[in-house]
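S.K.: sequence and predicted structure are below.
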Amino acid sequence: MPEGHTLHRLAGLLNDSFGGRSVRVSSPQGRFAASAALLDGTTMVAAWAHGKQLFCDFEHDRTLYIHLGLIGGLDIGPPAPVRGEVRVRLATDDAVADLRGPQACALVTPEEVAAMTAKLGPDPLQAGADPELAWAKINRSGRPIAALLMDQSVLSGVGNVYRAEVLFRNRIDPHRPGKQLSRRSWRAIWSDLVELMPIGVRDGRIDTVRPEQTPEAMGRPPRVDDHGGEVYVYRRAGQACFICGSRVRTEVLAARNLFWCGRCQRRG
DNA sequence: GCCTCATGTTGAT
DNA sequence: TCAACCTGAGGCT
């Protein structure tokens, strides 16, 4: 569920349903009960995201900080009975938001928020984010670009799907050390993310296949990943590359399954 | 029912 | 580098 686009989308949905309203806050599961009681009945001022971190600002300088981790989810919809392990429920008479399985869920101060965001790299989904801040780190690192893209202190919001897809779209070898990546390649990666990620926010899934290369346009059967989006290489190990036909490769890189085309991706 | 996997991160070794 | 953590879905018996 969660790369940066998911959190920005959720922030928007939270603002739509809870922004400026008095919110009932509870912890059906019990693990957030004490903090929920402090927020209960107060007004949610605004929700926002930086990369994969989600912040809900309430009155009295109280911020609910959420990180979904790998398996967490935040379901927003009309009122419904609690189902499963719900860490936090936000509710009004019209809407409910249920948080399950988060990696982090805590009440934090403005100072703590500032400290957290200060450690994060620029987010392609934030207006005015500066790609040079990321380039300064990439340009002097010996780590592979596929690892640097996943490092949230270098760049925030990119996860395993976007890293594989943006490297494929720009024909870049995932193993290329950051210091050997051209500035032109980095600018291409950044502008591609700035173009792709808002589409993910809008649609709630990651679509990366260019219009002229869709299955219909290429005369091949539709193929959509389990996460709901249409992609070139992510989770397609062993299958034919849509562009050159060679087998999509996979290996573990930066503790995650990387997917790439060894023939198409040779740039640095 | 049991096992594996998942768009993530942290802390110990 | 590796285990741990949080939860649910899907595949298997």
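M.R.: Nice, thanks for sending it over.

S.K.: and the pLDDT for the residue sitting furthest away from the middle of chain A?
M.R.: Distance from the C-alpha centroid of chain A peaks at A:Gly219, with 31.1 Å (CA atoms, centre = their mean). At A:Gly219, the model reports a pLDDT of 81.

S.K.: that one and A:Gln213: what is the separation?
M.R.: Distance of A:Gly219 to A:Gln213, computed by CB to CB, to the nearest Å: 11 Å. For every residue, glycine as well, the C-beta is placed using N, CA and C.

S.K.: coming back round to it: now the residue farthest from the centre of chain A: phi and psi?
M.R.: Main-chain dihedrals, A:Gly219, degrees, to the nearest 10: phi 70, psi 30.

S.K.: get me the contact residues on the stretch 51-200 of chain A for DNA strand B.
M.R.: Residues of the stretch 51-200 of chain A lying close to DNA strand B by CB under 7 Å from any atom of the strand are A:51-52, A:67-71, A:103, A:150, A:152, A:159-161.

S.K.: can we see that at 10 Å?
M.R.: Selection of the stretch 51-200 of chain A residues close to DNA strand B by CB under 10 Å from any atom of the strand yields A:51-53, A:67-73, A:101-104, A:116, A:119-120, A:150-153, A:156-164, A:200.

S.K.: list the contacts for the nearest residue to A:Glu216 once chain neighbours are set aside?
M.R.: The shortest distance from A:Glu216 to any non-neighbouring residue, by CB to CB, 6 or more residues apart in numbering, is to A:Pro222 (7.5 Å). By CB atoms under 8 Å, 6 or more residues apart in numbering, the contact list for A:Pro222 reads A:215-216, A:230.

S.K.: are we agreed that A:Ser35 is in a helix?
M.R.: Yes - the assignment for A:Ser35 is a helix, going by DSSP: H, G, I helix; E, B strand; the rest coil.

S.K.: what about the residue lying closest to it once chain neighbours are set aside, how many residues nearby?
M.R.: Leaving aside its chain neighbours, A:Ser35 sits nearest to A:Leu107 (4.3 Å; criterion: CB to CB, 6+ apart). When counting by other CB atoms under 10 Å, one arrives at 16 neighbours for A:Leu107.

S.K.: would you mind listing the buried residues in the host helix or strand of A:Leu107?
M.R.: Here A:Leu107 is covered by strand A:104-108, with elements defined by DSSP states H and E. Buried residues in strand A:104-108, counted by 16 or more other CB atoms under 10 Å: A:105, A:107-108.

S.K.: contact partners for the closest residue to DNA strand B within the stretch 51-200 of chain A?
M.R.: Per CB to the nearest atom of the strand, the residue of the stretch 51-200 of chain A with the smallest distance to DNA strand B is A:Gly159, at 2.0 Å. Applying CB under 8 Å, 6+ apart to A:Gly159 gives the contacts A:2-4, A:52, A:150.
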